[in-house]
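Visitor: next input, structure requested:
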Amino acid sequence: MKETGLTQLIITDPVSIAYLAVHYEDPIERFWALYLRTDGNHKLVANRLFTLNDVSGVEILWYSDGEDGAALLNQYVDHESPLGIDKCMAARFLIRLLDLNAAPKYLNASDCVDDNRARKDAEEQEKMREASRINDAAMAEFKKLIHEGVTELEIAEQMEAIYKKLGAQGHSFEPLVGFGGNAANGHHGPDHTVLKKGDCVLFDVGCKKDGYCSDMTRTFFYGEVSPEHEKVYETVRRAQAAAEAMIRPGVKLCEIDHAARSVITEAGYGPYFTHRLGHFIGQEVHEKGDVSAANEAVVKPGMTFSIEPGIYLPGDVGVRIEDLVLVTEDGVEILNHYDKTLQIIPVTEK
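Guide: I've put the predicted structure just below:
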């Protein structure tokens, strides 16, 4: 906040409040806010419906249904200084503060928290490792679900139980399962498409363990793989390896994206790599920060993000290979260890 020139900041993102105050609350439509000041006189605005047994070190300002939580907080803000607001504040609360003349100027100051969330400490790093360990084990189980006549939806519906059996709390996002041409839609939701010989099988899946997320993609082939599809797969694999090999502190995120994109472009598939190379991840599966051509920020120790190049030939095939990576003091730790060599699953009946 001091680096941004702010003396006060309101955080309303429930995940960021949990990150700072060690308590998660889903407020639904109610006002739930952590008010931070550089002088340490912090406040937490909470509805009396909430149970806050594990919050300490901050004064709680309670209000009841029918009372105005934003107006309550307005009694404590510095009306003469700019007020930082996070990106998640609902318009109905921000407009209320504007009507109350809470501050002479309002700034989007999410980076104050988000840039800290981007760099995981030792405890967070271990939680990220464990979530990815479970995801690796789950992928091996998901592969066993592939058989003659199965649909994308039938596979997807079995995934959460597998995660829970392995010790996760559940999905970190709804799983993406795509057969054949469906996989060429980068975010295809599973439907009743039936698997057939020669199809690619794309699983983009993740779980949540102790509040932290995993995310991994692997692409298999069923029964056989054509020479063209094999070329696509190996191009994606080489692109991912090129990107992961250059990750270390001080490298620009856009340079990592360029490393993967160059491999795909040189192979003739440039127009079919249709998204950024990766996204940051932690308590949420998509957090602030990405690995893209536009991001000039440099890599720092503790950052965790995905490396997920893909090639998508419409109506034909989609291949994506994704790992999570953790930046170390002098290089990178790949958090996923599930095999990335091309795997052809034998045609079998259920």
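
Visitor: so what touches stretch 227-247?
Guide: Stretch 227-247 is contacted from outside by 200, 219, 221, 225, 255-257, 259-264, 267, 269, 273, 277, 291, 299, 307-311, 313, 317, 319-323, 325, 327, 331-332, 334, 340-342, using C-beta atoms under 8 Å, 6 or more residues apart in numbering. No exception for glycine: its C-beta is placed from N, CA and C like everyone else's.

Visitor: try 7 Å this time
Guide: Applying C-beta atoms under 7 Å, 6 or more residues apart in numbering, the contact partners of stretch 227-247 are 200, 219, 221, 256, 259-260, 263-264, 267, 269, 277, 299, 307, 309-311, 313, 317, 319-321, 323, 325, 327, 332, 334, 340, 342.

Visitor: narrow those residues to those that are buried.
Guide: 200, 219, 221, 256, 259-260, 263-264, 267, 269, 277, 299, 307, 309-311, 313, 317, 319-321, 323, 325, 327, 332, 340 (16 or more other C-beta atoms under 10 Å).

Visitor: gap between the longest helix along the chain and the chain center?
Guide: Looking across the chain with DSSP state H, the single longest helix is helix 122-143. Put simply, helix 122-143 sits 14 Å off its chain's centre (C-alpha atoms, centre = their mean, to the nearest Å).

Visitor: and it, what's buried?
Guide: Neighbour counts over helix 122-143 (16+ other C-beta under 10 Å) mark 124-125, 127-139, 142-143 as buried.

Visitor: same deal with stretch 237-248?
Guide: So stretch 237-248, judged by 16+ other C-beta under 10 Å, has buried residues 237-244, 247.

Visitor: what's the answer for stretch 172-179, then?
Guide: Residues of stretch 172-179 classed as buried: 172, 175-179 (neighbour count, 16+ other C-beta under 10 Å).

Visitor: now tabulate those in JSON lines and tack on distance to Pro14.
Guide: Shown next, in JSON lines, are the buried residues of stretch 172-179 (distance: C-beta to C-beta, whole Å):
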{"residue": "Ser172", "distance to Pro14": "16"}
{"residue": "Pro175", "distance to Pro14": "24"}
{"residue": "Leu176", "distance to Pro14": "25"}
{"residue": "Val177", "distance to Pro14": "29"}
{"residue": "Gly178", "distance to Pro14": "31"}
{"residue": "Phe179", "distance to Pro14": "36"}
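
Visitor: and which of those is nearest Thr51?
Guide: Minimum distance to Thr51 across the buried residues of stretch 172-179 is 25.2 Å, recorded for Ser172 (C-beta to C-beta).

Visitor: beta partners of Phe220?
Guide: Beta bridges link Phe220 to Val201, judged by DSSP bridges.

Visitor: my read: it touches Ile345, true?
Guide: Yes. Judged on C-beta atoms under 7 Å, Phe220 makes contact with Ile345 at a distance of 5.4 Å.

Visitor: what do these two both touch?
Guide: In contact with both Phe220 and Ile345: 143, 146, using C-beta under 7 Å, 6+ apart.

Visitor: distance check, Arg276 against Pro249.
Guide: Distance of Arg276 to Pro249, given as C-beta to C-beta, to the nearest Å: 21 Å.

Visitor: between the two, who's got more neighbours?
Guide: Neighbours were counted for Arg276 and for Pro249 using other C-beta atoms under 10 Å; Arg276 has more, 19 against 16.

Visitor: wouldn't that one be in contact with Ala294 here?
Guide: No. Counting by C-beta under 7 Å, Arg276 stays clear of Ala294, with 8.3 Å between them.
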